[in-house]
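**Student:** output the structure for:
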Amino acid sequence: MTTRPRTNWAGNIAFGAPDFYRPSSLSELQAVVARSGRIRVLGTGHSFNDIADSPGAQVTLAGLPAEVSVDSARSLARVATGLSYAQIVDRLDKQGFALRNLASLPHISVAGACATATHGSGAANQNLASAVASQTLVTADGDLVELAREDGAVVHLGALGVVSNLVLELVPSFDLSQCVYEDLPLDTLDDHFDELMASGYSVSMFTDWRASRLTQLWIKQPPGLPSPVTQEPWFTASPALSARNPVPGAPPENCTEQLGVPGRWYDRLPHFRAEFKPSAGDELQSEYLLPVAQAVPALHALNEIRDRLAPVLLICEIRVIAADQLWLSTCYRQDSVAFHFTWIPDTATVLPVVTLLEHQLAPFAPRPHWGKVFTTPPEELRARYDRLPDFLDLMHRLDPPGKFRNAYTTRYLDPD
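**Tutor:** Numbering: from 1, shown residues only. Below you'll find the model as predicted:
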């Protein structure tokens, strides 16, 4: 156990949990959980709010055995949840398998990404949690319980127990290439948003909101299969002639290879290289997901306040994600468009702008990413999840004493 001060990756949250544990075995983890009064898991720290804090203890799973066990016959992998995506992808690929999708940053933990419904991009791709076939939980008394995807527990926000391993669905390994285009006028999206988002296996739009245009458009495709939209007369974006970073002024060397060069799925789906050490966290992040049918009206609503967004924004990324059936997923039963904002690291300056953009998006009932900065009133947030009552029943059944609850879960899930 250690009691050193801890913060999240961005440094905007100082954790108040007085105790911190790093077990080296499953049995030790079970014992830590059983004897703790309150406890929460701290993953790679890439959340930007107090979701991982605890009034009692925090525990990291990074010291557990780094298991990645592939069942080739069933196309499944059992993965230790202390691992990041960067630590598992090459081990899957060496056995001929892949995950359908990855987030833009491969350094995030598998467990944390699934617990918060983190996603990649692609009109036919669901979020990362949708790959979870089952998971094993260490419950409040230290026992092990295995839950299937259909049990409603995959997106759990840490409120049900400590996930010791996940079983992930796999697909055959594949190659991709990616090309970057620049300076597409924003009004092109009025008539062609859906076309553009369906033009590749994974598509990301970027804008800094300093003008009514996309700064960059990233299209990831199987090699030898060019995006059809680039041949259309209305497509006036220019192909980037050298590697780009989506953040203006940031080094392109940190990004995965572009210019149509083929590579393995795990070297193209993320925007950033696994061997690149992420920045020291000199940023804040917010993200909002809403029905994809409202994408164009939402873009217009944001364009109305771009003079307020631009001064505090590093970059905005726009992606689409397919609907899923996960109870607390931001894409629950809703094909979604995600507006992701990477802000300057100044909470006091950023928060009023976050509130303003939430006001602009309010007609579309956006669901904020569970692990990022938002100011949505808790009662509004709860009303956007039809299956929240079912999740609360599950939470009270699996954790009667409330061992895994904290201020965040009280605020956003269960105020009673």
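
**Student:** neighbours of the nearest residue to residue 147 once chain neighbours are set aside, how many?
**Tutor:** Once flanking residues are discounted, residue 147 sits nearest to residue 153: 4.6 Å by C-beta to C-beta, 6 or more residues apart in numbering. Where C-beta positions appear, they are placed from N, C-alpha and C, glycine not excepted. Residues contacting residue 153 under the criterion other C-beta atoms under 10 Å number 26.

**Student:** likewise for residue 282?
**Tutor:** The number of residues packed around residue 282, counting by other C-beta under 10 Å, is 10.

**Student:** what about it, distance to residue 345?
**Tutor:** Distance, residue 282 to residue 345, using C-beta to C-beta, to the nearest Å: 5 Å.

**Student:** okay, and the common contacts of those two?
**Tutor:** Common neighbours of residue 282 and residue 345 (criterion: C-beta atoms under 8 Å, 6 or more residues apart in numbering): residue 10.

**Student:** do you know the pLDDT at residue 62?
**Tutor:** We have a pLDDT of 95 for residue 62.

**Student:** repeat for residue 278
**Tutor:** We have a pLDDT of 65 for residue 278.

**Student:** what does residue 231 give?
**Tutor:** Model confidence at residue 231, given as pLDDT, is 89.

**Student:** report how many residues lie close to it.
**Tutor:** Residue 231, neighbours per other C-beta under 10 Å, totals 8.

**Student:** quick one: residues contacting residue 46.
**Tutor:** Contacts of residue 46 (C-beta under 8 Å, 6+ apart): 8-9, 105, 107-109, 112, 371.

**Student:** wait, the residue nearest to residue 147 touches residue 135, no?
**Tutor:** Yes - counting by C-beta atoms under 8 Å, residue 135 is a contact partner of residue 153 at 7.0 Å.

**Student:** and for these two, which residues touch both?
**Tutor:** Residues touching both residue 153 and residue 135 by C-beta under 8 Å, 6+ apart: residue 147.

**Student:** correct me, but residue 409 touches residue 55?
**Tutor:** No - assessed by C-beta under 8 Å, residue 409 is found out of contact with residue 55, at 11.4 Å.

**Student:** so between those two, which is more surrounded?
**Tutor:** More neighbours surround residue 409 than the other of residue 409 and residue 55, with 19 against 14 (other C-beta under 10 Å).

**Student:** now that one: how far from residue 157?
**Tutor:** Relative to residue 157, residue 409 is positioned 7 Å away (C-beta to C-beta).

**Student:** likewise for residue 389?
**Tutor:** Between residue 389 and residue 157 the computed distance is 15 Å (C-beta to C-beta).

**Student:** the two: who's more crowded?
**Tutor:** Taking neighbours as other C-beta under 10 Å, residue 389 and residue 157 compare with residue 157 leading, 22 against 11.

**Student:** right, and that one touches residue 413 too?
**Tutor:** Yes - applying C-beta under 8 Å, one finds residue 157 in contact with residue 413, separated by 7.1 Å.

**Student:** all the helices of the stretch 101-250 of the chain, residue numbers only.
**Tutor:** Under the criterion DSSP state H, counting those that start in this stretch, helices of the stretch 101-250 of the chain are mapped to 110-115, 189-197.

**Student:** hey, which of those helices is tucked in deepest?
**Tutor:** Stretch with highest mean neighbour count among the helices of the stretch 101-250 of the chain: helix 110-115 (a mean of 26; mean count of other C-beta atoms under 10 Å).
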